[in-house]
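K.L.:
pasted the sequence and its predicted model underneath.
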Number of protein chains: 2
Amino acid sequence: MKGTAPAIFLPKGFRFSAVAAGIKASGRSDLALVEAAPGASAAALFTQNRVAAAPVEIGRALLRKSHGHVRAVIVNSGNANCATGPTGKRACQRVCHELAHLLHTPAEEVFPSSTGIIGVPLPVENIVRKLPQLLANRNSTSRAMREFAEAIMTTDTRLKVASERIDSDAQPISVAGVAKGSGMIHPQLATMLVYLFTDAVASPFELRTLLKAACDDTFNCISVDGDTSTNDTVLLLASGQSATTLKTSRVREKFQAALLRICQSLAQQIVADGEGVKHVVRFEITQARNRDEALHIGRAIANSLLVKTALAGSDPNWGRILAAIGACGVPLDPQRIDISIGDELVCRRGARWDFNAQNAHRALSQPTCNVRVRLGRGSATVGFTTGDLTEEYVRINATYST
Amino acid sequence: MKGTAPAIFLPKGFRFSAVAAGIKASGRSDLALVEAAPGASAAALFTQNRVAAAPVEIGRALLRKSHGHVRAVIVNSGNANCATGPTGKRACQRVCHELAHLLHTPAEEVFPSSTGIIGVPLPVENIVRKLPQLLANRNSTSRAMREFAEAIMTTDTRLKVASERIDSDAQPISVAGVAKGSGMIHPQLATMLVYLFTDAVASPFELRTLLKAACDDTFNCISVDGDTSTNDTVLLLASGQSATTLKTSRVREKFQAALLRICQSLAQQIVADGEGVKHVVRFEITQARNRDEALHIGRAIANSLLVKTALAGSDPNWGRILAAIGACGVPLDPQRIDISIGDELVCRRGARWDFNAQNAHRALSQPTCNVRVRLGRGSATVGFTTGDLTEEYVRINATYST
């Protein structure tokens, strides 16, 4: 499970820790902590699912109360603490309060996350009992960050980490991100659990703008199974310890670009590690009337079971892609649609193009493949990334909770 | 493959036939004919997919031209004649013309349907060559109707037939229906291919009203995989040969009820024979604000991969049902939602209810199961029927076209 991930550019001002608290039946690590330097700024995006987990509701409220300041993040895997009623909320608050007490910090600066099964009471005593050990273990090393990344996994099989360093006239800035997510991936505004860290100096407002822009084209443009989680959270923390601000436009642009690449990398890692996924396919929807339309069509294709099973067989069955586009509700003219798989044009003006099926099959057999859809309606483009639907996905999800 | 179907009440005025024309690689029968008595009335509903197959476009146009009169229906399986461009349209017209010529009837009274792979040219010469044999074989027996039902199957494993007899003060009326459909089942206004026959006397306008009402609660309330076909067609033909009209409200109501039951039976048969389906589950969405809302929520649950895989494992994982409801876009309050699996209340006011997991598991293990969702928003109810998502579905669809 230990990653072959490249060296991490670790932002200053963060310490990481993980322990096994007995929430996962497997006995693996399932409780994780990030401690940020006092005064760290924060911005977060959450699931748009109306059924939101207790930590999502509490996290949203406390960010308002603390005016975007977070001292610590406490994450458990193995239990989503969702649909657990008032008891679930109290359990979440109890964990935050206990940790705040140990850190001598206001309770509203402890940010909670949970991931795992829905509707099962959170084993709050197991968690509280382990908090002192969790604090004792904390460390500002790449290894500690990887252990954090490992402890938040559920059906994930691989660590998901990405980082960059940004030069500036002052001190360089580091940005690093950690993600988990493998199933129930169809984010609306955010994906399962993503934590982004930087030592730049930035206000919560600045962070929010930067985060929103980075998520729109990354976590909001992927899907594993079309199911939007109840616990999706993306959190960006800035410790300020590089002493470098984002006030100059050159640094700010570099930072935005680095944040986008990190989110893109983590989003790709989530799809590639999607439950049962063997092939990652990026649908590039071009010539749409506007971005919303392109995104809607990208989602419709990416969520079609027939498209996803064709991808599992590396089958250049473009008719299923065309049918998914036709059924999605956009009043388009099929006779203006072209589809290419890899470099092979397979459908021209809504009808079969005499293509080399071997080439198209070979392109789809690769671990990643591009499929381009030209709509002939306008100039908007969106790339939407998904994985194939395999028998393994069914196996995993037919047996997950029982 | 021969059905254990009950005796068919065969409406007067219809003759059926089927042959193997070499469209299916398997060599099975793949070309089927219904001949109606001269002057038969017709009404049809078609797919709402913007990518509509050639026979759908031509069928729609000729019903207008013939003012709702159909003399013959010609159906091929093994090829959808969709996304085949102008050549595909000409191929479809050619088949209709040749058959009209042989039947000495206007070309606009020959109604075409196709089902099978998308984007492959229709082997029109194979079809035309077999038309004389198809005509020579036609017969007004239950056996001939079953052979028709068998010839229109693709991935279906079972014949789908239903029929009723309606008593009246005059001659009794018979209604019979034949359907095919197993994958790409997520009808909008109609399902894959459904042919309904009656010997009642009814105008095309009367038929349309009756058909629309019967389809709304049956074919529009089922889903196998969430993919809307490009070829969906439901056709209702009335030969008038019972000499009994639907003018008296008593007969009309009996007829509407019988038509509804037949459509319900065929819809159930389609889901039960859905690709890889082992369990059929009816989600009863109650206390919705209106019918559209109930239908939208029913669809969202029925199309959730996580719900469908949980059904495959007979896993009473109600959290996935709740999450699917929360993500579907209706601004509802999760704390008013109750969920029951079979007779077992599993979720009360949006949170876990202390239920007997064995009972819920046992209910889901049956071939059919009811799951009731109470929304606490109003008084509208819709029943939406779907099947589980199994490894077999993936196997079938990852290897269908190559």
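P.N.:
Happy to help now that I have it. Numbers count the residues shown, from 1 in each chain, chains lettered A, B, ... in the order given.
K.L.:
could I get the average pLDDT for the helix or strand hosting A:P86?
P.N.:
Element membership for A:P86 (DSSP states H and E) is helix A:85-103. Per-residue pLDDT over helix A:85-103 has a mean of 96.
K.L.:
tell me which helix or strand comes right after that helix.
P.N.:
strand A:110-117.
K.L.:
buried set for the helix or strand following that following strand?
P.N.:
Scanning forward in sequence from strand A:110-117 by DSSP H and E, the next helix or strand is helix A:124-136. Going by neighbour count (16 or more other CB atoms under 10 Å in any protein chain shown), the buried part of helix A:124-136 is A:124, A:126-128, A:130-131, A:134-135. In short, each C-beta sits where N, CA and C put it, glycine included.
K.L.:
got the residues of the stretch 201-350 of chain A near chain B?
P.N.:
Residues of the stretch 201-350 of chain A lying near chain B by CB under 8 Å from any CB of the partner chain: A:225-230, A:303-306, A:309-310, A:312-313, A:315-320, A:322-327, A:330-334, A:347, A:349-350.
K.L.:
pLDDT value on the closest residue to A:T228 other than its chain neighbours, please?
P.N.:
Spatial nearest neighbour of A:T228, excluding adjacent residues (CB to CB, 6 or more residues apart in numbering or on different chains): B:A327 at 3.8 Å. B:A327 carries a pLDDT value of 86.
K.L.:
so which of the buried residues of helix A:124-136 comes closest to chain B?
P.N.:
Nearest to chain B among the buried residues of helix A:124-136 is A:V124, at 15.3 Å by CB to the nearest CB.
K.L.:
picking up where we left off before, return only those of the buried residues of helix A:124-136 found close to chain B.
P.N.:
Counting by CB under 8 Å from any CB, no member of the buried residues of helix A:124-136 reaches chain B.
K.L.:
rewinding a little: now check the helix holding A:P86, is it near chain B?
P.N.:
Yes. On the criterion CB under 8 Å from any CB, helix A:85-103 is in touch with chain B at A:85, A:88.
K.L.:
name the helices or strands packed onto that helix?
P.N.:
Other elements packing on helix A:85-103 under the criterion 3 or more CB pairs under 8 Å, 6 or more residues apart in numbering or on different chains; DSSP states H and E are helix A:54-65, strand A:72-79, strand A:110-117, helix A:124-136, strand B:351-352.
K.L.:
what's that helix in contact with?
P.N.:
With contact meaning CB atoms under 8 Å, 6 or more residues apart in numbering or on different chains, helix A:85-103 is reached by A:33, A:35, A:53-55, A:57-58, A:62, A:71-72, A:74, A:81-82, A:84, A:106-107, A:109-110, A:112, A:114, A:121-122, A:124, A:127-128, A:131-132, A:135, B:349-352.
K.L.:
send the alpha carbons of it over as CSV?
P.N.:
Extracted C-alpha coordinates of helix A:85-103, given in CSV (Å, rounded to 0.1, in the frame of the first residue of the first chain):
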residue,chain,number,x,y,z
GLY,A,85,-29.7,11.7,13.6
PRO,A,86,-29.1,14.0,16.6
THR,A,87,-26.9,11.3,18.2
GLY,A,88,-24.5,11.5,15.2
LYS,A,89,-24.2,15.3,15.5
ARG,A,90,-23.5,15.1,19.2
ALA,A,91,-20.9,12.4,18.5
CYS,A,92,-19.1,14.6,15.9
GLN,A,93,-19.2,17.6,18.3
ARG,A,94,-17.9,15.5,21.1
VAL,A,95,-14.8,14.5,19.0
CYS,A,96,-14.2,18.2,18.0
HIS,A,97,-14.5,19.4,21.6
GLU,A,98,-12.2,16.7,23.0
LEU,A,99,-9.5,17.5,20.4
ALA,A,100,-9.9,21.3,20.9
HIS,A,101,-9.4,20.8,24.6
LEU,A,102,-6.2,18.8,24.1
LEU,A,103,-4.9,21.4,21.7
